[in-house]
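Asks: Return atomic coordinates for the entry below.
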Amino acid sequence: MQTAKFIFYLKHEKANQVTGEEPIYCRITVNGKRSNISINRWVDPKRWIETNKLQSARKSEDKELILYMESILLRLKQIEREMIESKIPITSENIKNVYSSKSCNTKKSKSLIEVFEWHNAKFKELVLSGEAANGSLDRYKQALNHVKAFLKYQYNRTDIFLDELEFSFITNFDHYLRIERKDEKGRIRKCANNSAVKYVRNFRKIIKRAVDEGWLEYDLFAKYKGKVRETEKVFLTPEEIEIIQNKEITIQRLSVVRDIFLFAIYTGYAYVDVKSLTYNHVQKHIDGEKWIFTKRVKTKVNENVMLLHPALQLIEKYKSHPVCIQKGVLFPIPTNQRVNTYLKELADVCGIQKKLTFHTARHSFATSIMLANGVPLETVMDTIGHKQMKQTQHYAKMLNSKVSEDMKKLNKKFKPKGDDDTDMPVAV
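Replies: Numbers count the residues shown, from 1 in each chain. As a prediction, this is how the structure comes out:
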């Protein structure tokens, strides 16, 4: 059986006389006979030669061109396989003719990585326009990296056509994330259930977009049942908050992060929201109190918070800080990674055994500041910018003291008048 060989080359005789760039062609060779296909891309011949046909390229545009060439190569090899299965004679001319007819129909010729990168580029535009969060873009980028690594691991390929995908691709990808994923050094780095499900869901959105665009005939995820498990949220008790607040800290960086962390505890703001706050956000409301009126960066939902006295004191403390004056921000907040690193150090200094992250402040605000002091769930929901009540309800489950308080109130309704607990026996 004859097999085809494919190489890319430059057609020097068709060089652009102005730019000097030359068109890239793909040569198909079967049994010594050749057919040539233009891939409709041009490149500087110096870059082509110096980088060994772009294989060692570093420029982003060259890397994109490499991916495009690889997608063409995948398409040509797929055509060859289909011709073998259909018992069609394998000739360079036949492969060229089939490719030319398919390349005219873009709905049938998209590859997975091509669509994924297209989606991420579009999503980046939303981030730049303020319509989407940069953190979401980072997760899509990471999901793309995982898909690329999976393709290499499972299929020894750099890309795959959409019409080659089957449901088994999803289940195998899910299994790879949970069991077989490795880091750059070859060490096993399994994803926990929730991380694996979230990455697969990112992938699912790419497939859905491909279906919407008409590049894929049906949604492969119809049978996928991945479910995020509810995890225990870490929050600080009122006593622990007081320890952090009153602890004397002489290290400047820890002192700053402690104050920013406390501000989040008294407002419920996430890291990205605190980072974006300016003095213009602080306004005097019609009730005479100072409020912050803003939207959550992540969801664009209103997150209007009346500033409690501890939060106001912290804002006042940093009014004269050079960074705050220069940038007009409320706090000189470091990067999220540094903040979380310093919070671990802060926990050690304060003798707190819990793993602190910046999001711990948000959980602490909802539980120990709001719910523990009798604030209704509806108010908590509006204050922390949740879209649905079920997002807020898990905070109520976390607070045993609130459950105890509610049950005591209920128990009083069933007690006989004049009854007292003092003589009741206590179980030992």
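
Asks: what's near enough to touch I206?
Replies: By C-beta atoms under 8 Å, 6 or more residues apart in numbering, the residues touching I206 are L112, V115, F116, H119. The way it works is simple: take the backbone N, C-alpha and C, and place the C-beta from them, glycine included.

Asks: residues contacting the first one?
Replies: With contacts taken as C-beta under 8 Å, 6+ apart, L112 has the following neighbours: V147, L151, D159, I160, F161, L162, L165, I206.

Asks: For the fifth one, give the beta-bridge partners.
Replies: Translated: F161. Beta-bridge partners recorded for F161 (DSSP bridges): S111.

Asks: wait, it sits on K77?
Replies: No: counting by C-beta atoms under 8 Å, F161 stays clear of K77, with 10.0 Å between them.

Asks: all strands for the chain, in order.
Replies: Using DSSP state E, the strands assigned to the chain run over residues 5-10, 22-30, 33-43, 282-284, 290-292, 305-306.

Asks: tell me the angle of the lengthiest helix in the chain relative to strand 5-10?
Replies: Within the chain, and with DSSP state H defining each element, the longest helix by residue count is helix 60-85. Calculated by axes from the mean of the first three to the mean of the last three C-alpha atoms, to 10 degrees, helix 60-85 forms an angle of 150 degrees with strand 5-10.

Asks: Packing partners of helix 60-85?
Replies: Counting contacts by 3 or more C-beta pairs under 8 Å, 6 or more residues apart in numbering; DSSP states H and E, helix 60-85 packs against strand 5-10, strand 22-30, strand 33-43, helix 92-103, helix 112-128.

Asks: Please compute how far that helix lies from its chain's middle.
Replies: Distance, stretch centre to chain centre, for helix 60-85: 29 Å (C-alpha atoms, centre = their mean, to the nearest Å).

Asks: I'd like the average pLDDT over it.
Replies: Helix 60-85 shows a mean pLDDT of 84.

Asks: do the same with stretch 127-145
Replies: Here the average pLDDT along stretch 127-145 is 87.

Asks: repeat for stretch 89-109
Replies: On average, stretch 89-109 scores 70.

Asks: go on, stretch 384-396?
Replies: For stretch 384-396, mean pLDDT is 68.

Asks: where does the stretch 151-300 of the chain dip in pLDDT?
Replies: Regions of the stretch 151-300 of the chain meeting the criterion pLDDT under 70 cover residues 230-232, 298-299.

Asks: For it, which segments are assigned as helices?
Replies: For the stretch 151-300 of the chain, the helices defined by DSSP state H, counting those that start in this stretch cover 167-175, 193-212, 238-246, 252-267, 271-275.

Asks: Kindly reformat these as a markdown table containing distance to N304.
Replies: Output for the helices of the stretch 151-300 of the chain, formatted as a markdown table (distance: least, C-beta to C-beta, whole Å):
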| stretch | distance to N304 |
| --- | --- |
| helix 167-175 | 40 |
| helix 193-212 | 29 |
| helix 238-246 | 23 |
| helix 252-267 | 11 |
| helix 271-275 | 12 |
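
Asks: re earlier: most neighbours among the contacts of I206, which one?
Replies: Counting neighbours by other C-beta atoms under 10 Å, the top entry in those is L112, with 26 neighbours.

Asks: From K141, how far off is that one?
Replies: Per C-beta to C-beta, to the nearest Å, L112 is found 15 Å from K141.

Asks: Model confidence score at the closest residue to E21 other than its chain neighbours, please.
Replies: Nearest residue to E21, sequence neighbours excluded (C-beta to C-beta, 6 or more residues apart in numbering): W42, at 4.1 Å. At W42, the pLDDT value in this model is 84.
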